[in-house]
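Novice: compute the structure for the input listed below.
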Amino acid sequence: MCAWAAPEPGCHRQIVTLDDVSFSFGTKPVLSNLSFHIQERDFVGLIGSNGAGKTTLLQLIVGLLKPDSGRIELFGMPADRFKERDLIGYVPQRSNFNPLFPATVREVVMSGLFGRRKLFRRVTRQDTIQCEDALRTMHIEDLADKRIGELSGGQQQRVFLARALISNPQLLILDEPMAGIDAETQENFFHLIRHMHQKHNITFLMVSHDIEMMRSYLGQEPKERSGKLSFYIRHSHDIEDCEETDLLHTLRKEG
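Specialist: From the prediction side, this is the model:
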């Protein structure tokens with residue numbers, strides 16, 4: 001296994017490691033003895049039928065659920081001791097979002113900077129700059145003062161992606177990010193995240209029902225299977241031509 005602190009050339013650090021992970025809701029097993037790892041700058045597409053455990057797996061990785069048994073590591077650290085949550089951007093299913101939630105677009109995006117440890121800290125000038133950068137990068141600055149529930153599905157997804165990107169994450173987890181949006185918006189959204197994977201130091205884990213779109217980028221056959229889950233994987237361990245470390249700044253220049 002590659003070392004976290006100082007990977008050698010050709011050796012890529014483990015971003016997510018699952019070892020013999022099982023999880024049940026009450027007496028109903030959802031995941032059983034799942035072992036899987038994601039390397040730095042992988043793009044992993046997760047496909048499975050309803051009830052296969054896709055969203056459950058993502059929630060285990062981001063810490064919203066705890067496994068019944070087995071081990072989860074993030075960036076080489078046991079998940080229950082991992083504190084650097086700003087390294088992970090998470091875009092949950094839009095179907096879980098309450099459209100009556102009383103927040104503006106700017107407030108939703110800004111909330112991406114506040115983890116559990118930072119929830120009550122004062123907003124700084126740098127926070128405001130990062131938020132405005134995220135809004136401009138996703139081309140939603142003109143929506144900043146609108147209520148999130150007033151937006152179309154495609155606009156909401158851009159808001160949630162801006163929220164996930166605001167802290168320059170190294171792992172981006174997307175749960176059905178294109179569900180419920182029109183075909184043109186889906187294509188543009190997928191083009192954006194493909195570009196981010198090819199040009200930037202980001203590792204992706206994405207759930208999608210659009211098998212053909214996933215296969216067009218990740219290959220026709222899954223690299224691994226576990227129960228009802230299929231894992232499609234594209235390795236991209238060499239950043240093509242990005243010298244900038246500020247993701248939002250670079251995306252805006254390239255866009």
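Novice: figure out how far the helix ranked longest in the chain is from the centre of its chain.
Specialist: The single longest helix within the chain, with elements called by DSSP state H, is helix 183-199. Its chain's C-alpha centre and that of helix 183-199 lie 14 Å apart, by CA atoms, centre = their mean, to the nearest Å.
Novice: what sits opposite the most centrally placed residue in the chain in the beta ladder?
Specialist: The structure's the chain has its C-alpha centroid closest to residue 173; by CA atoms, centre = their mean the separation is 1.8 Å. Here residue 173 shows beta-bridge partners residue 90, residue 205, assigned using DSSP bridges.
Novice: ok, now residue 71?
Specialist: As assigned using DSSP bridges, the partners bridged with residue 71 are residue 19.
Novice: let me see the contact set for it.
Specialist: Contact analysis of residue 71 by CB atoms under 8 Å, 6 or more residues apart in numbering lists 17, 18, 19, 20, 21, 78. For every residue, glycine as well, the C-beta is placed using N, CA and C.
Novice: not counting its neighbours along the chain, what's nearest residue 180?
Specialist: Sequence neighbours aside, residue 153 is the residue nearest to residue 180 in space, at 4.7 Å (criterion: CB to CB, 6 or more residues apart in numbering).
Novice: give the contact list for that neighbour.
Specialist: 94, 180, 181, 182, 185.
Novice: roughly how far does it sit from residue 147?
Specialist: Here the distance between residue 153 and residue 147 works out to 15 Å (CB to CB, to the nearest Å).
Novice: check residue 108 too.
Specialist: Taking CB to CB, one finds residue 108 at 10 Å from residue 147.
Novice: who has more neighbours, the two?
Specialist: Between residue 108 and residue 147, counted using other CB atoms under 10 Å, residue 108 has the larger neighbour count: 20 against 16.
Novice: what's the pLDDT at the more buried one?
Specialist: At residue 108, the pLDDT value in this model is 91.
Novice: that one and residue 158 touch, don't they?
Specialist: No - with contacts counted by CB atoms under 8 Å, residue 108 stays clear of residue 158, the gap being 10.9 Å.
Novice: I appreciate the help and will end here.
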